[in-house]
Structure formats: C-alpha cells, structure tokens
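Enquirer: got a predicted model here, sequence first, then my questions.
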Amino acid sequence: MNKLAVCGALALTLGVVACTESDRDIVADAKEAIMDEQVAGSIHVVSNDGVVTLSGTVPDGATKERAEEIVGDVDGVERVINDLRT
C-alpha cells in the first residue's frame, strides 16, 4: 500500500491525517492545544506540509475563531484552513 493510500485510510478512519513526521507532530500539538484550551465541539485536524485544516462542528462563531487562533500558534503551522461548521 502506498503512502497516499495509507494517509487516506487514516483520514477516513481517525479524522486525523499527517503524512510526514513534522505533520504528525503538528497534529498532535494542535489537538493538545485545543484540548488544553477546552475548545467545545468535534474538531478534526489534518496537516500537510504545515498547512492545517480544521473540520467538524463547534457551537458558535467565536469558538470557530478561537480554534483557528489556537492552532495558528502551534509550532510548525504555516497556515490554517478553517472549515469548522457552527
């Protein structure tokens, strides 16, 4: 199975995908930061070369913005794509 297929299977199964070592670190750190800040909702984190995509649902717009801000402060994050729904 190739790397892309493995990453795709992880994304479908876990809602989290990171295809390089640094992306794995970014995802772990982003999820930890979200939990530490007790951000409400169901947030999925994906990182690809430091570009992090947030998806899932949060209760309101303020929480959506806060999650993006928190993840944007994580080491290694180059950009955040915020696809969270309220």
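Expert: Received it, and whenever you're ready, just let me know what you need.
Enquirer: V58: neighbour count?
Expert: 21 (other C-beta atoms under 10 Å). For glycine as for every other residue, the C-beta is placed from the backbone atoms N, C-alpha and C.
Enquirer: and if you look at P59?
Expert: 11.
Enquirer: quick one: contacts for it?
Expert: By C-beta atoms under 8 Å, 6 or more residues apart in numbering, the residues touching P59 are 40-41, 86.
Enquirer: that one in helix, strand or coil?
Expert: coil (DSSP: H, G, I helix; E, B strand; the rest coil).
Enquirer: let me have the contacts of P59 in a markdown table, adding distance to I70, pLDDT and secondary structure as columns.
Expert: Listed next are the contacts of P59 as a markdown table, based on distance: C-beta to C-beta, whole Å; pLDDT from 0 to 100; DSSP: H, G, I helix; E, B strand; the rest coil:
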| residue | distance to I70 | pLDDT | secondary structure |
| --- | --- | --- | --- |
| A40 | 13 | 95 | coil |
| G41 | 12 | 96 | coil |
| T86 | 17 | 96 | coil |
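Enquirer: neighbour-wise, give me the winner out of those.
Expert: Of the contacts of P59, with other C-beta under 10 Å as the count, G41 tops at 17 neighbours.
Enquirer: who's in contact with that residue?
Expert: Counted by C-beta under 8 Å, 6+ apart, G41 has contacts 56-59, 63, 67, 84.
Enquirer: quick one on the thing from earlier: for the contacts of P59, which one is nearest I26?
Expert: G41 (19.4 Å; C-beta to C-beta).
Enquirer: just give me how far the helix or strand hosting V27 sits from the chain centre.
Expert: Secondary structure from DSSP states H and E places V27 in helix 21-36. For helix 21-36, the separation from the chain centroid amounts to 7 Å (computed by C-alpha atoms, centre = their mean, to the nearest Å).
Enquirer: buried stuff in it?
Expert: Neighbour counts over helix 21-36 (16 or more other C-beta atoms under 10 Å) mark 23, 26-27, 29-31, 33-34 as buried.
Enquirer: alright, I will stop here.
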